[in-house]
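I need the structure of the sequence given here:
(chains A and B)
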There are 2 protein chains.
Amino acid sequence: MNEFNLIQKYFADASFVRKDVVIGIGDDAAITHVPPNQNLATTTDTLVKGVHFLDNTSAEDVAHKAIAVNLSDLAAMGAEPSWISLSLSMPSVDDAWLSAFSDKVGELTQYFSVQLIGGDTVKGPLSITITAQGFVPQDSVLSRDGAKNGDWIFVTGTLGDAGAGLDILLKKLSITDVKARDYLVKRHQNPTPRVLAGTILRRLASACIDVSDGLLQDIMHIANASGTGVILHLDKLPISKELGNNVSDLNQALEYATVSGDDYELLFSVPEEQKSSVQTALDSYSIPYTCIGQMTGATGKLDLRLNDKPFTLEASASLGFAHF
Amino acid sequence: MNEFNLIQKYFADASFVRKDVVIGIGDDAAITHVPPNQNLATTTDTLVKGVHFLDNTSAEDVAHKAIAVNLSDLAAMGAEPSWISLSLSMPSVDDAWLSAFSDKVGELTQYFSVQLIGGDTVKGPLSITITAQGFVPQDSVLSRDGAKNGDWIFVTGTLGDAGAGLDILLKKLSITDVKARDYLVKRHQNPTPRVLAGTILRRLASACIDVSDGLLQDIMHIANASGTGVILHLDKLPISKELGNNVSDLNQALEYATVSGDDYELLFSVPEEQKSSVQTALDSYSIPYTCIGQMTGATGKLDLRLNDKPFTLEASASLGFAHF
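Below is the predicted model:
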């Protein structure tokens, strides 16, 4: 079967359809329309079998993660997602796998109102590259480099769940509570990009990133880009009851919350004068958030505290996901 | 080394810089500006080692091909390229390879005035996914489906060179003329996307595609999308002297010209009333072209002629590159 038929067969009818797509799947390139007064946000992420997902991950979970991590990058810029392109490298044409994968792509494009506008299917080791595009108002920028000394550091949701979920799958962590175990595994396999939070924050936060490499690594991406330092109060980190009640001690929970990645929560800095606006806006949409620290003037310095005392994490040397 | 440092080290300063890029490499997503009255063209193509390029292909040639095939897709839509994103899967961090690859990316972004706006580097088998974006005027569409019965079929440049070049590298074709051999290999390794021709054709051609899968397969993509049939006059196919003078006979030259892919010439249909305008416009930019046939009303039918007589190609059963 050739590439043309593959895309037609599995993906052409799977996607949500948008009016701003002039030409979608089936030509040499997609043609789309960006609204006036909007800029375009573009991000690309690749997931490789055995590196970014376990060998036995289902087609649905692979599709979910590939789309989620890309929409999470858009969310971190405050962008509203519009279109995705998919490049799928597969060792062979597996009808059941492709059907399940494309069904999930269809479901998620519906959920997020994005259209699959094109793609490529190639023969090779299993990997998925998605390019996601979206819109941001031309007068609003939410980048990594806007944090200032004194800005408050917030994070949405809870931290460490995805890392614990991965360790459960790898049998490095054993949890007897079935509900908690399923919750943590699902947080690893089916992350939810904080799309709505991103659009709310784009006029309120001074800097933003999504937590993909781990809290400590990602907050330092903001600090290094912004020329600030960081104080984090580890006793304030949002830990789910599913994680907190099922690991051996506080230190293990903190390790997951600080150095494991893939939570895809938004981590952002907020100037003092916007703090109450941020809280009101996120409250009004029932988006959970926690203030976990503050930016400092000590450029590049990461100052960890537990109950206001300096704290050294046993695992902090590794600082999260290393790509190589 | 982490992804962040890799992209910063090798790619952040390599690229041509454009004024319409608000945020480039280094954040969660790129932010760019699409001019008013322009639509956005987006295409994604993946090249896998051992499938789309030979194992011993140089880093420079891999970079060249990855960029060229994507810009060729934009050219086939009449789009002017603006930005590219790069996802690079590599088994390990090879400094020499990455330096050579990024130097070539830098050189080609300068040549085509496109900016590398982002990317991803992951650990995995060597493959390269590029997403290219560009602009097309909102009132002009150059797609595959606009051909009409009676439209003339044109192609730029010459056909079959890249296929012969690949066979030389695979030692399936032996050519003693060193200059011709080098020319054909270069046509395979370093294709030139017909960017300028695409922008000229967008108001004149009725349909367009780039020749990537092979002439017969690609002309049928147009025919099937447009609901037309095709007559091709094989004696009119543009064959380079490097190919024509160095293969065993006409049949071998025709086989390369019709069923081998990767020439990245533009194949397009032109209504009778635009024929002289197309010729004048392409002549004025010294872009070589040949009229090789005509669209017919026999939907989906491919009618091959040699000196006006029906002709059956020995190799025509395979019809070009099969993706699986």
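
which residues sit in contact with the residue most central in space within chain A?
Note on chain A: the residue nearest the mean C-alpha position is residue A:264, at 3.1 Å, using CA atoms, centre = their mean. By CB atoms under 8 Å, 6 or more residues apart in numbering or on different chains, the residues touching residue A:264 are A:68-69, A:72, A:162, A:191-194, A:210-212. Where C-beta positions appear, they are placed from N, C-alpha and C, glycine not excepted.

quick check: mean pLDDT across stretch A:177-184?
The average pLDDT within stretch A:177-184 is 97.

Output that stretch as PDB, restricted to C-alpha atoms.
Provided in PDB are the C-alpha atoms of stretch A:177-184 (Å, rounded to 0.1, in the frame of the first residue of the first chain):
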ATOM      1  CA  ASP A 177      -4.400   0.700  46.100                       C
ATOM      2  CA  VAL A 178      -5.800  -0.100  42.600                       C
ATOM      3  CA  LYS A 179      -7.600   3.200  42.100                       C
ATOM      4  CA  ALA A 180      -4.500   5.200  43.000                       C
ATOM      5  CA  ARG A 181      -2.400   3.000  40.700                       C
ATOM      6  CA  ASP A 182      -4.700   3.400  37.800                       C
ATOM      7  CA  TYR A 183      -4.900   7.200  38.400                       C
ATOM      8  CA  LEU A 184      -1.100   7.500  38.400                       C
END
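
what about it, distance to the chain center?
21 Å (CA atoms, centre = their mean, to the nearest Å).

buried ones in it?
A:180-181, A:183-184 (16 or more other CB atoms under 10 Å in any protein chain shown).

got it, and stretch A:242-261?
Within stretch A:242-261, judged by 16+ other CB under 10 Å, the buried ones are A:242-244, A:246-247, A:252-261.

What is the most widely separated pair among those?
For the buried residues of stretch A:242-261, the farthest-apart pair by CB to CB is A:246 and A:261; their separation is 19.7 Å.

tell me which of the buried residues of stretch A:177-184 is nearest to chain B?
Lowest distance from chain B to those (CB to the nearest CB) belongs to residue A:184, with 24.6 Å.

Skipping adjacent residues, who's closest to that closest one in space?
residue A:165 (4.0 Å; CB to CB, 6 or more residues apart in numbering or on different chains).

Can you verify the one you found is assigned to a helix?
Yes: counting by DSSP: H, G, I helix; E, B strand; the rest coil, residue A:165 is found in a helix.

quick one: contacts for residue A:33?
Contacts of residue A:33 (CB under 8 Å, 6+ apart): A:20-22, B:39-40, B:138.

circling back to that earlier point, of the buried residues of stretch A:242-261, which belong to helices?
Per DSSP state H, helices hold the following members of the buried residues of stretch A:242-261: A:242-244, A:252-259.

what would the residues you listed look like in a markdown table with pLDDT and distance to residue B:102?
Output for those, formatted as a markdown table (pLDDT from 0 to 100; distance: CB to CB, whole Å):
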| residue | pLDDT | distance to residue B:102 |
| --- | --- | --- |
| A:242 | 97 | 44 |
| A:243 | 97 | 41 |
| A:244 | 96 | 45 |
| A:252 | 93 | 41 |
| A:253 | 95 | 41 |
| A:254 | 94 | 38 |
| A:255 | 94 | 36 |
| A:256 | 96 | 36 |
| A:257 | 97 | 36 |
| A:258 | 96 | 33 |
| A:259 | 93 | 30 |
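
What parts of the stretch 101-250 of chain A come near chain B?
Residues of the stretch 101-250 of chain A lying near chain B by CB under 8 Å from any CB of the partner chain: A:117-125, A:127, A:129, A:131-134, A:136, A:138, A:141, A:143-145, A:208-210, A:213, A:217, A:221, A:225.

chain center to stretch A:49-69: distance?
For stretch A:49-69, the distance to the chain centre is 13 Å (CA atoms, centre = their mean).

Can you give me the first-to-last residue distance of that stretch?
Terminal residues of stretch A:49-69 are spaced 15 Å apart (CA to CA, to the nearest Å).

Is chain B within reach of that stretch?
Yes: contact of stretch A:49-69 with chain B (CB under 8 Å from any CB) involves A:50-52.

Isn't residue A:38 up against residue A:134?
No: if you go by CB atoms under 8 Å, residue A:38 and residue A:134 don't touch, sitting 9.1 Å apart.

ok, those two, which is more surrounded?
residue A:134 (31 against 18; other CB atoms under 10 Å in any protein chain shown).

other SSEs contacting the strand or helix carrying that one?
Using DSSP states H and E, residue A:134 maps to strand A:127-137. Applying 3 or more CB pairs under 8 Å, 6 or more residues apart in numbering or on different chains; DSSP states H and E, one finds that strand A:127-137 contacts strand A:38-48, helix A:59-76, strand A:80-90, strand B:38-48, strand B:80-90, strand B:127-137.

Go again with 6 Å.
Strand A:127-137 sits against strand A:38-48, helix A:59-76, strand A:80-90, with contacts defined as 3 or more CB pairs under 6 Å, 6 or more residues apart in numbering or on different chains; DSSP states H and E.

Which helix or strand lies directly C-terminal to it?
By DSSP H and E, the next helix or strand past strand A:127-137 is strand A:152-156.

Now do that next one, average pLDDT.
On average, strand A:152-156 scores 98.

For chain A, name the helix or strand with the lowest mean pLDDT.
helix A:3-10 (a mean of 72; mean pLDDT, DSSP states H and E).

now the helix or strand following it, how far from the centre of its chain.
Downstream of helix A:3-10, the next assigned helix or strand under DSSP H and E is strand A:21-23. Distance, stretch centre to chain centre, for strand A:21-23: 27 Å (CA atoms, centre = their mean).

Strand A:21-23 pairs with which strands, and in what direction?
strand A:30-32 (antiparallel) (DSSP bridges).

who touches the partner strand?
For strand A:30-32, contacts defined as CB atoms under 6 Å, 6 or more residues apart in numbering or on different chains pick out A:20-24, A:83, A:117-118, B:39-42.

what's the answer for stretch A:60-76, then?
Applying CB under 6 Å, 6+ apart, the external contacts of stretch A:60-76 come out as A:41, A:43, A:45, A:47, A:53, A:81, A:100-101, A:104-105, A:108, A:128, A:130, A:132, A:134, A:189-191, A:193-195, A:198, A:208-210, A:264, B:28-29.

Can you point out the buried residues in that stretch?
A:60-76.

try stretch A:259-278
So stretch A:259-278, judged by 16+ other CB under 10 Å, has buried residues A:259-271, A:274, A:278.

Likewise for stretch A:88-103?
A:88-90, A:93, A:97-98, A:100-102.

I'd like those residues laid out as JSON lines, including pLDDT and distance to residue B:171.
Shown next, in JSON lines, are the buried residues of stretch A:88-103 (pLDDT from 0 to 100; distance: CB to CB, whole Å):
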{"residue": "A:88", "pLDDT": "94", "distance to residue B:171": "32"}
{"residue": "A:89", "pLDDT": "93", "distance to residue B:171": "27"}
{"residue": "A:90", "pLDDT": "93", "distance to residue B:171": "29"}
{"residue": "A:93", "pLDDT": "91", "distance to residue B:171": "30"}
{"residue": "A:97", "pLDDT": "95", "distance to residue B:171": "36"}
{"residue": "A:98", "pLDDT": "94", "distance to residue B:171": "36"}
{"residue": "A:100", "pLDDT": "96", "distance to residue B:171": "42"}
{"residue": "A:101", "pLDDT": "96", "distance to residue B:171": "38"}
{"residue": "A:102", "pLDDT": "95", "distance to residue B:171": "40"}
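
now for these, which pair is the farthest apart?
Longest span within the buried residues of stretch A:88-103, CB to CB: A:89 and A:100, 17.0 Å.
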